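> What would the 3D arrangement of this be:
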Amino acid sequence: MIYRGAVPSLSPAIAEIRLAVRTALADLHEGSTVVVALSGGADSLALAAAAAFEGPKLGLRVRSVTVDHGLQDASDAVAARAAHTATSLGLDALVVTVDVGADGGPEAAARDARYRVLKDAAADAGAAVVLLGHTLDDQAETVLLGLARGAGAASLQGMAPVRADDDGLRWVRPLLRVRRETTRAFCAASDLEFWDDPHNLEDRFARVRVRERVLPVLESELGPGIAEALARTAEQLREDAEAFDEMIHETIEDIVEHAEAGISVSVAALAANPAALRNRIIRLVVDSEFGVSLTRLQTLEVARLATDWSGQGPIDLPSCAAARVGGRIVFTAR
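Take a look at the predicted model:
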């Protein structure tokens, strides 16, 4: 008689994250290349390990890219360790060192530098997709920060699970429904040593204060499930925004005309639309034509040219100006 040992059960954390990654990669053609953004933290390391497991089964090539921002002591050693771990998982691993500027503050500058590196690395590898390790907790923090800043529905949508840029490269976040604690459990179950970024404990960053103080207070005072509720809010707002965008693009074809050095919109059509559509049309027209985003106050001032006209003159906006000319609002470059 042959006795067979029990098959070891798979950790629930490993199963959850592998499934999330498998689902995110399922529509890629065999032979495609995938880039994983790997910082060495628990989130990105769990993502890389799951991609290393699932990618080859789908006929995909997977490589990791680690960006050394040089903002902390021994950052080069952290990056090298992340790349070594990726190599041990069977991935091609690349480390790129960047000089981070100061535009927009250290967080924004580091993020911009990181995304440039990832985009270049994807282009060099012929990759169709870049995987990012943002979790449900990151999404909840993003929504709460947007709410505190009064940033409007666009900000409250949080991070999109999938976003295609102008070059067709897809930025995919497979872990947006996965809790941060699950990625740490994944690493523990996989015997993967991850790096805890000390910046994640520095109170000078608003996101850290939200993570360490605000969300725990909300959970304590309002009950558990706040992070999940915020993430659901983002998903619902994103669905609404997609419906609005479809309506706007259909409307714009009939009311927008090109003008000398700019573009114009029908006053009557703007005035006839509900405020939500009117404001979105104005923002979309300016963004698509001049590549700038309007604040809510700027948007409302432009809308008044259609809804509350009393002879006011041109309105100065970023990179352009808006003026009422006859029955149209004309946006011209400055």
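> Stretch 25-45: end-to-end distance?
Terminal residues of stretch 25-45 are spaced 17 Å apart (C-alpha to C-alpha, to the nearest Å).
> Pull out the buried residues from that stretch.
By neighbour count on 16 or more other C-beta atoms under 10 Å, the buried set for stretch 25-45 is 25, 28, 32-45. C-beta: built from backbone N, CA, C; applies to glycine.
> And for stretch 278-288?
278-286.
> which of those residues lies closest to residue 295?
residue 283 (9.6 Å; C-beta to C-beta).
> quick one, helices of the stretch 201-334 of the chain?
206-209, 215-222, 226-255, 267-272, 275-290, 296-307 (DSSP state H, counting those that start in this stretch).
> Flag the helix or strand of this structure with the lowest per-element mean pLDDT.
helix 153-156 (a mean of 71; mean pLDDT, DSSP states H and E).
> Can you tell me what sits against the helix or strand that comes right after it?
Per DSSP states H and E, the first helix or strand lying C-terminal to helix 153-156 is strand 162-164. For strand 162-164, contacts defined as C-beta atoms under 8 Å, 6 or more residues apart in numbering pick out 170-173.
> which two of those residues lie the greatest distance from each other?
170 and 173 (10.5 Å).
> Comparing the two, which shows the higher neighbour count?
residue 173 (24 against 18; other C-beta atoms under 10 Å).
> contacting residues for that one?
131-134, 159-162.
> Please list only the buried members of those residues.
Applying 16+ other C-beta under 10 Å to those flags 131-134, 159-161 as buried.
> Could you export the residues you listed as TSV, including distance to residue 253 and pLDDT?
Listed next are the buried ones among the contacts of residue 173 as TSV, based on distance: C-beta to C-beta, whole Å; pLDDT from 0 to 100:
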residue	distance to residue 253	pLDDT
131	36	98
132	34	98
133	39	97
134	35	97
159	30	92
160	25	92
161	28	95
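> In a markdown table: those, plus distance to residue 296.
Output for these, formatted as a markdown table (distance: C-beta to C-beta, whole Å):
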| residue | distance to residue 296 |
| --- | --- |
| 131 | 34 |
| 132 | 28 |
| 133 | 32 |
| 134 | 26 |
| 159 | 21 |
| 160 | 21 |
| 161 | 26 |
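> Which member of those is positioned nearest residue 274?
residue 160 (24.8 Å).
> For that closest one, give me the backbone phi and psi.
Backbone torsions of residue 160, given as degrees, to the nearest 10, read phi -80, psi 140.
> Which residue is the nearest non-sequential neighbour of it?
Excluding the flanking residues, the one nearest residue 160 by C-beta to C-beta, 6 or more residues apart in numbering is residue 238, at 6.6 Å.
> what about the one you found, neighbour count?
Each residue near residue 238 was counted by other C-beta under 10 Å, and the total is 17.
> Please work out how many residues are found near the residue lying closest to residue 265 once chain neighbours are set aside.
Nearest-residue entry for residue 265: residue 329, 5.0 Å, with adjacent residues in sequence omitted and distances by C-beta to C-beta, 6+ apart. Neighbours of residue 329 under the rule other C-beta under 10 Å: 24.
> Same question for residue 205.
Neighbour tally, residue 205, other C-beta under 10 Å: 16.
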